[in-house]
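**Student:** have a look at this fold, sequence not included:
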């Protein structure tokens, strides 16, 4: 708690499971300071996160006192990544109550709940099934999709497209192809 008290512009991550761990690693990669709130002292990634210099609070994220101890007053964001939609929602609403300006992001498994939360509270809610479904389908159908995401109600996919002899796209310019099948080239490799 002492370390958290000195932080500002940090991001609070609720849950140190696989999702929270990966979110924290990505934040560290981007040079962001994170604080973990994890209910279980035996969570598998806690030692690794501590070794990386991430402050860890072993407490329940649903309680205002816990969020306060993570210094929500000076935090720029909170990301609720536990496996329990209700815990994530309670942590998010509690954080918003304590700091109305904090950016809140929720991991939710229930697609309907995610849409309602986003609409009613303006809180970005990430439905794990919506995010993962395109990747599962791409992997199963060997389509080479590296990443899928949603921008302004549009699903976007970063994919590998190989054009071989006999393909209807052979001989066309990149400009002609992008207009014909509505995509943007991110990287072009010859042969």
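**Tutor:** Perfect, thanks for sending it. Everything numeric in this text was worked out from a predicted model, so none of it was measured.

**Student:** list of residues touching stretch 28-36?
**Tutor:** Contact with stretch 28-36 is made by 4, 7, 9-13, 16, 20, 24, 27, 46, 49, 52, 54-57, 70-71, 75, as judged by CB atoms under 8 Å, 6 or more residues apart in numbering. C-betas here are computed from N, CA, C, even on glycine.

**Student:** just the buried residues of those.
**Tutor:** Neighbour counting by 16 or more other CB atoms under 10 Å classes 4, 7, 10-13, 16, 20, 24, 27, 46, 49, 54-57, 70-71, 75 among these as buried.

**Student:** for the spatially most central residue of the chain, which residues are in contact?
**Tutor:** Nearest residue to the geometric centre of the chain (CA atoms, centre = their mean): residue 23, 6.2 Å. By CB under 8 Å, 6+ apart, the residues touching residue 23 are 13, 79, 81.

**Student:** could you report the pLDDT at it?
**Tutor:** Residue 23 carries a pLDDT value of 92.

**Student:** what about it, helix or strand, and which?
**Tutor:** Element membership for residue 23 (DSSP states H and E) is helix 18-29.

**Student:** now the following helix or strand past that helix: how far from the chain's centre is it?
**Tutor:** Later in the chain than helix 18-29, the nearest helix or strand by DSSP H and E is strand 34-38. Centroid separation for strand 34-38 versus its chain: 15 Å, with CA atoms, centre = their mean, to the nearest Å.
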